[in-house]
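Asks: below are the sequence and a predicted model; questions follow.
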Amino acid sequence: MLTHLNAIFGTRRTRTVSNNSQRSFRPLRVESLEVRDTPSITIAETANLSPNSGSVDGSTIVVITGSGFTGATEVTFGAVPVSFVVDSDIQITATTLSGTGTVDVLVTNTEGTSANTAADDFTYTSDVPTPPVIPMAPSVTVNTGSSLLDVAQTQTGGLATFSRIVTVELTFNTAITTVDPAAFTFSNGTDTVTNDGEVTVSGLGTNVLTLTFEGTDSTPGVEFHSLADGIWTLTTDLTKVHSSDGAGEGSADTNNIRRLYGDANGTGTVDGGDYGLFGSTFGLNDQDPSFQAQFDANSDGSINGGDFGPFGSRFGTGL
Ligand SMILES: [Ca+2]
Ligand SMILES: [Ca+2]
Ligand SMILES: [Ca+2]
């Protein structure tokens with residue numbers, strides 16, 4: 001703080017002093033009294049950087065907090081001057097240029113340069129954080145790549161019905177490393193089929209898992225490596241499906257997976273059209289190019305009387 005006293009001399013006057021002589025003088029009058037604040041600049045100190053790391057490519061906006069920033073003339077990152085704004089005596093906002101390694105961030109004002117401390121360390125990093133890739137709801141296809149679909153499926157109300165369902169393929173957004181029991185559950189309202197006994201999972205280590213069906217004709221929900229008749233929902237419990245980054249969240253349903261043995265043309269009923277197709281493959285085995293595995297109800301490699309029984313019992317029925 002500095003105090004300024006301004007004074008002026010008044011009109012000259014005379015006054016008689018004790019020995020009767022006269023003496024002239026000019027009174028002094030205070031004109032104004034002014035008190036001024038004078039900035040007291042001290043050497044800067046850096047207490048914190050936020051963030052204290054950023055891309056090697058630069059352009060990271062760094063908020064420097066500390067003291068003595070008023071009148072700062074230069075901010076350097078590893079001796080490289082950068083652009084900056086003095087927000088207040090205790091805060092500067094600076095923008096990095098490209099750099100490498102860990103450097104000191106120093107602030108210079110008229111009194112000097114801030115002392116190098118651990119708090120002023122800034123690290124250039126090439127590590128760009130990426131979010132973990134966890135399994136998301138898969139897309140689901142039935143009988144992919146199977147000769148079971150040699151006869152074109154007719155969509156009924158937008159839905160295909162399959163005479164046999166022997167594979168269900170799930171395509172994920174990332175490679176699946178492991179699955180827990182009951183990660184995949186098929187339900188038709190009566191029976192439940194899961195990978196905890198009736199479903200085998202293959203393809204681990206890739207984005208595509210293939211589900212196949214185990215058990216015999218007497219296993220509820222499974223008939224000779226096919227889902228049994230019904231309108232099925234596949235529920236994928238994503239918390240039981242793991243990528244290298246972790247398990248998924250929640251669950252996903254795939255509805256209207258429809259199976260009716262004998263409905264080879266996918267109309268939703270076993271009808272005359274299916275009967276004609278059945279007749280064309282009757283007596284053939286899986287070595288014959290005309291063999292249609294979708295009619296091989298008992299999965300024994302031939303279309304014969306063992307398949308005609310289940311076909312006949314369903315003739316005229318629908319889902
Ligand atoms: Ca330092
Ligand atoms: Ca049909
Ligand atoms: Ca058969």
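Replies: Received the coordinates, thanks. Ligands and ions are numbered 1, 2, ... in the order given.
Asks: burial of the residue nearest to Val133 when sequence neighbours are not counted, as a residue count?
Replies: Leaving aside its sequence neighbours, Val133 sits nearest to Thr174 (CB to CB, 6 or more residues apart in numbering; 4.5 Å). For glycine as for every other residue, the C-beta is placed from the backbone atoms N, C-alpha and C. Other residues lying near Thr174 total 18 when counted by other CB atoms under 10 Å.
Asks: quick one: Thr174 from ligand 3, how far?
Replies: For Thr174, the distance to ligand 3 equals 39 Å [CB to the ion, to the nearest Å].
Asks: check which helix or strand covers that residue.
Replies: Using DSSP states H and E, Thr174 is not contained in any helix or strand.
Asks: return the residues in contact with it.
Replies: Residues near Thr174 by CB atoms under 8 Å, 6 or more residues apart in numbering: Val133, Ile134, Pro135, Met136, Asn207, Ser243, Asp245.
Asks: so where is the stretch 51-200 of the chain shaky, pLDDT-wise?
Replies: Within the stretch 51-200 of the chain, the segments meeting pLDDT under 70 span 127-128, 145-159.
Asks: and the residue of it that's closest to ligand 3?
Replies: Using CB to the ion, the closest approach of the stretch 51-200 of the chain to ligand 3 is made by Arg164 at 10.8 Å.
Asks: residues near the nearest residue to that residue once chain neighbours are set aside, how many?
Replies: Counting by CB to CB, 6+ apart, Ser226 is the residue found nearest to Arg164 once chain neighbours are left out, at 4.2 Å. Counted by other CB under 10 Å, the residues lying close to Ser226 total 23.
Asks: then Val105?
Replies: Val105 has 25 neighbours, counted by other CB under 10 Å.
Asks: could you check how far it is from Tyr124?
Replies: The spacing between Val105 and Tyr124, counted by CB to CB, to the nearest Å, is 12 Å.
Asks: show me what residue of the stretch 1-150 of the chain gets nearest to ligand 1.
Replies: Closest residue of the stretch 1-150 of the chain to ligand 1, CB to the ion: Asp104 (3.9 Å).
Asks: pretty sure that residue contacts Asp120?
Replies: Yes: counting by CB atoms under 8 Å, Asp120 is a contact partner of Asp104 at 5.2 Å.
Asks: of these two, which one has the most company?
Replies: Taking other CB under 10 Å, Asp104 and Asp120 do not tie; Asp120 has more neighbours (22 against 18).
Asks: show me what contacts the more buried one?
Replies: Going by CB under 8 Å, 6+ apart, Asp120 touches Thr46, Leu49, Asp104, Val105, Leu106, Ser114.
Asks: would you mind measuring from it to ligand 2?
Replies: Distance from Asp120 to ligand 2, by CB to the ion: 78 Å.
Asks: tell me the phi and psi of that residue?
Replies: Dihedral pair for Asp120: phi -100, psi 20, per degrees, to the nearest 10.
Asks: again with Lys240
Replies: Dihedral angles phi and psi of Lys240 (degrees, to the nearest 10) take the values phi -110, psi 10.
Asks: and if you look at Ala118?
Replies: Note on Ala118: backbone dihedrals following degrees, to the nearest 10 are phi -70, psi -30.
Asks: and for it, the neighbour number?
Replies: Neighbours of Ala118 under the rule other CB under 10 Å: 6.
Asks: which parts of this protein sit against ligand 2?
Replies: Contact residues (CB under 5 Å from the ion) of the chain with ligand 2: Asp263, Asn265, Thr267, Asp271, Asp274.
Asks: got a markdown table for those residues, with distance to ligand 3 and pLDDT too?
Replies: Shown next, in a markdown table, are the residues of the chain next to ligand 2 (distance: CB to the ion, whole Å; pLDDT from 0 to 100):
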| residue | distance to ligand 3 | pLDDT |
| --- | --- | --- |
| Asp263 | 17 | 92 |
| Asn265 | 19 | 84 |
| Thr267 | 22 | 84 |
| Asp271 | 21 | 93 |
| Asp274 | 16 | 93 |
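Asks: now do the residue of the stretch 151-300 of the chain found nearest ligand 2 against Leu319, distance only.
Replies: For the stretch 151-300 of the chain, the residue closest to ligand 2 is Thr267, as judged by CB to the ion, at 3.7 Å. Thr267 sits at a distance of 10 Å from Leu319 (criterion: CB to CB).
Asks: name the residues contacting each of the two.
Replies: Residues touching both Thr267 and Leu319 by CB under 8 Å, 6+ apart: Thr161.
Asks: pretty sure Thr46 contacts Leu106?
Replies: Yes: with contact defined as CB under 8 Å, Thr46 reaches Leu106; the gap is 7.4 Å.
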